[in-house]
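1. Sequence and predicted structure, then a few things I'm wondering about:
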Amino acid sequence: MSPVIPSSPGEVTRSWLAEVLDTDVLDVSVTPVGTGQTGATYRVTPTYSADRCGLPDTFIVKLPSQDEAVRQRVAGGYRCEFAFYTDVADTVAVPLPHCFHCEIDRDGADFVLLLSDLAPAVQGDQIAGCNAIEARLAVEALAGLHGPRWCDPRWLAFTGAMMPKLDANAAKGIGELAIMATDTTLGMLDKRITAADRRTLCEAAALVSAWILLEPQRFSILHGDYRIDNLLFDPERSKVTVVDWQTMSIGLPARDLAYFAATSLLPEQRAQTEHELVGAYREALQLHGVTGYDIDSCWRDYRLGMLQVPLITTLGFAFSAATERGDEMVLAMLSRGCRAIRELGTLDLIRELS
């Protein structure tokens, strides 16, 4: 029988941790970390009573939001993250924290994830953006997610993703949702979005249904929200770890690549380095066994993938509680993404291929 899932940090007790780890624990302290926008994340420090059997000094535990309304609204994200750690993580090569325990109940209303603590690694800053070294680490790590199961037919029947491989009817529904989310986002942010970006967002939303169905022969698991805020870097910037799998999807792999580059790099830096980053991603895919994917196809997929930025950003913003930092972050992501869409001719490419 599985241990009872803690619903609050106060229920992450000595006895719960001892049962999960199958070792003696004398005491435990629990302190909050992170922003807690869609989940509640805490650092857990146990005091072991005997030989710890190689267990670490600290852990990170992730629980659902302590706001019940948020908890119910994002339960699908918890189900998605559970599916990743239990069904996907061991089959790919993306760098991850070690998962000691993952449990879910009540269709996602109850959820717990116990991970290794990566401190002193630090989270990227979405508003400030990343540098070239961090970007290179990120795109090579991304190839470790996509490459090992590139075009694996089992993804077509995978039910754990937030957005599975879609047929025409489902794509039409996502397109309608994208238009609604865009209208809501534009209304909420109002004049803080430039006229040029408003036009780009509206045109992009109108093309989402057709865009989702393009290049159906290339697909893989997607992180879905692959940006600097969901990456942890060691102090030396020699390695990166990927977290937060609540938007896992199935689709064109370069959607993750485009989303990262457009949202996590300042526009001038993105324009200067994107050819190099696309090449580094493709080379890393080859190391994971991907063949027959030439650089021209990879570059075109990168251009196509740019619609991931307005789709995910507006969906996330329209259906979440507004905060001052959240507004600033979304404005930065949309501004960068819209500029990339225009500079790369993404909308014309979609129309050409549709």
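-> Great, that's in hand.
2. So which residues of this structure form strands?
-> In the chain, the strands defined using DSSP state E lie at 25-33, 39-48, 59-64, 99-105, 110-116, 122-123, 220-222, 231-233, 240-242, 249-251.
3. Tabulate those in CSV, adding columns for mean pLDDT and distance to residue 162.
-> In short, each C-beta sits where N, CA and C put it, glycine included. Output for the strands of the chain, formatted as CSV (pLDDT from 0 to 100; distance: least, C-beta to C-beta, whole Å):
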stretch, mean pLDDT, distance to residue 162
strand 25-33, 94, 24
strand 39-48, 91, 15
strand 59-64, 94, 16
strand 99-105, 95, 14
strand 110-116, 96, 14
strand 122-123, 94, 22
strand 220-222, 98, 9
strand 231-233, 97, 19
strand 240-242, 98, 16
strand 249-251, 97, 6
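4. Of these, which is nearest residue 145?
-> Residue 145 lies closest to strand 220-222 among those, at 6.4 Å (C-beta to C-beta).
5. Would you map out the domains in the protein?
-> 9-116, 122-353 (automatic domain parsing).
6. Of all these, which one comes closest to residue 2?
-> domain 9-116 (5.6 Å).
7. tell me how far the closest one is from the chain's mean position?
-> Relative to its chain's centre, domain 9-116 lies at 18 Å (C-alpha atoms, centre = their mean, to the nearest Å).
8. now stretch 237-249
-> 6 Å.
9. before we move on, the earlier item: residue 3 is nearest to which of the domains of the chain?
-> Nearest of the domains of the chain (C-beta to C-beta): domain 9-116, 4.7 Å.
10. End to end on the closest one, go ahead and measure it.
-> Across domain 9-116, the terminal residues are separated by 17 Å (C-alpha to C-alpha, to the nearest Å).
11. hmm, back to that, buried deepest among the domains of the chain, which one?
-> Comparing the domains of the chain by mean neighbour count (mean count of other C-beta atoms under 10 Å), domain 122-353 comes out on top with a mean of 19.
12. from the chain's centre, how far out does that one sit?
-> For domain 122-353, the separation from the chain centroid amounts to 9 Å (computed by C-alpha atoms, centre = their mean).
13. circling back: looking at the strands of the chain, which is nearest to residue 168?
-> The nearest among those, by C-beta to C-beta, is strand 249-251 at 14.4 Å.
14. one step back: pipe the domains of the chain into a markdown table and attach distance to residue 2 per row.
-> Shown next, in a markdown table, are the domains of the chain (distance: least, C-beta to C-beta, whole Å):
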| stretch | distance to residue 2 |
| --- | --- |
| domain 9-116 | 6 |
| domain 122-353 | 19 |
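15. mean pLDDT lowest for which of the ones you listed?
-> When the domains of the chain are compared by mean pLDDT, domain 9-116 comes last with a mean of 90.
16. Check the spacing between residue 105 and residue 136 real quick.
-> 40 Å (C-beta to C-beta, to the nearest Å).
17. Actually, residue 310.
-> Distance from residue 310 to residue 136, by C-beta to C-beta: 25 Å.
18. What sits closest to residue 120 if chain neighbours are left out?
-> With sequence-adjacent residues excluded and distances taken as C-beta to C-beta, 6 or more residues apart in numbering, residue 120 is closest to residue 235, at 5.6 Å.
19. ok, now which ones touch that neighbour?
-> 120, 121, 122 (C-beta atoms under 8 Å, 6 or more residues apart in numbering).
20. Which of the residues you listed sits closest to residue 85?
-> residue 121 (18.6 Å).
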